[in-house]
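Student: Below are the sequence and a predicted model for it; my questions follow.
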Amino acid sequence: MDWLLDPSVSTFGPDIDRIYYIILVITGAVFFGTELLLVYFLFRYRHREGQRAEYIHGSTKAEVIWTAVPFVIVVVLAFMSAPVWNRIKNPEVFPADSYEVMLTARQFEWETRYAGADGQFETADDFTLLNRMNVPVDRPILIHLASEDVIHSFFVYDFRLKQDAVPGMVIPIWFEAIQTGEYTLGCAELCGTGHSTMDGIVAVQPQAEFEAWEATQVAARQAVLGGVLASLDIGAEAGNGAVTSGLAEGAATPMHEHGDF
Ligand SMILES: [Cu+2]
């Protein structure tokens, strides 16, 4: 049934698609069955001269059946979905050795933050991308998802991954892409007038290419930091809080662009 969904490119994509198709077949069968029955009843119980409608007072048997059957279906679906949901959403079983990034949503853009040379987030050597996220293929990616203003929703259809970004919370999500390429990141929660323009790209790169790109970014960031520190003539006092917070805002600007990094 590939004509219904584009192939997924994440490790858990096929599990999501399997559940999707099972639900689609069940709801599809119920839909067509109901519609056929409706047409049949229209014909079978049409108006006939001299025949009056009868009143009935319900049927316990029918009610038990139409309650029990959906109940069983829903419970079976719940048991089928639970392991998949757990694998994707439960931080306690997230894959180890993930590559970590921070992703912050705001009206109406996405900012990806990389830890930089020191491997720590929210430090001066972090570097950021706007509306773009570069990640390596075949490696679990752990995203710390946050929002600065209202509720947004991270949605990459090709990964079959969606998660609300909620103000005041940092929500961990993960995926592992199995194919290189550029995939659309959309906001799946109506978040204001610019909601429809709130998109970005997740660029999945071969491992070596990603590492080269990352090294370039780290070096560029170090050069900017070195230059700023030199101009301020404070040299080794790189840990100064006032300086780092200023840098975090201003100096990252050149990287806030789409393009080949
Ligand atoms: Cu949004």
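Tutor: Arrived safely, thanks for sending.

Student: Going by length in residues, pull out the top helix of the protein.
Tutor: helix 13-44 (DSSP state H).

Student: other SSEs contacting the next helix or strand after it?
Tutor: As assigned by DSSP states H and E, the chain's next helix or strand after helix 13-44 is helix 60-89. Using 3 or more CB pairs under 8 Å, 6 or more residues apart in numbering; DSSP states H and E as the contact test, the elements touching helix 60-89 are helix 13-44. C-beta here means a position set from N, CA and C on the backbone, and glycine is covered the same way.

Student: The helix it packs on - contacts with which helices or strands?
Tutor: Secondary structure elements in contact with helix 13-44, counted by 3+ CB pairs under 8 Å, 6+ apart, are helix 60-89.

Student: tell me which residues in the helix it packs on are buried?
Tutor: Residues of helix 60-89 classed as buried by neighbour count (16 or more other CB atoms under 10 Å): residue 88.

Student: Next: stretch 94-101.
Tutor: In stretch 94-101, residues buried by neighbour count (16+ other CB under 10 Å) are 98, 99, 100, 101.

Student: Report the beta-bridge partners for the second one.
Tutor: When you say that, I think you mean residue 99. residue 141 (DSSP bridges).

Student: how close does residue 176 sit to residue 11?
Tutor: Distance, residue 176 to residue 11, by CB to CB, to the nearest Å: 4 Å.

Student: meant to ask about residue 187, not that
Tutor: 24 Å.

Student: More neighbours: the two, which one.
Tutor: residue 187 (25 against 18; other CB atoms under 10 Å).

Student: Surely that one and residue 108 touch.
Tutor: Yes. Counting by CB atoms under 8 Å, residue 108 is a contact partner of residue 187 at 7.4 Å.

Student: what's the overlap in contacts for those two?
Tutor: Here residue 187 and residue 108 have 195, 198 as joint contacts, going by CB atoms under 8 Å, 6 or more residues apart in numbering.

Student: distance between the helix or strand hosting residue 228 and the chain's centre?
Tutor: Element membership for residue 228 (DSSP H and E) is helix 207-232. The chain centroid and the centroid of helix 207-232 are separated by 29 Å under CA atoms, centre = their mean, to the nearest Å.

Student: Name the residues of that helix that are buried.
Tutor: For helix 207-232, burial by neighbour count (16+ other CB under 10 Å) applies to 210, 213, 214, 217, 218, 221, 224, 225, 228, 229.

Student: tell me the mean pLDDT over it?
Tutor: Helix 207-232 carries an average pLDDT of 90.

Student: which helices and strands sit right next to it?
Tutor: Packed on helix 207-232, when contacts are counted by 3+ CB pairs under 8 Å, 6+ apart, are strand 127-130, strand 132-136, helix 241-250.

Student: again, only this time at 7 Å
Tutor: Helices and strands touching helix 207-232, by 3 or more CB pairs under 7 Å, 6 or more residues apart in numbering; DSSP states H and E, are strand 132-136, helix 241-250.

Student: Could you tell me the least trusted of the ones you listed?
Tutor: helix 241-250 - the lowest mean pLDDT of those, at a mean of 42.

Student: I appreciate the help and will end here.
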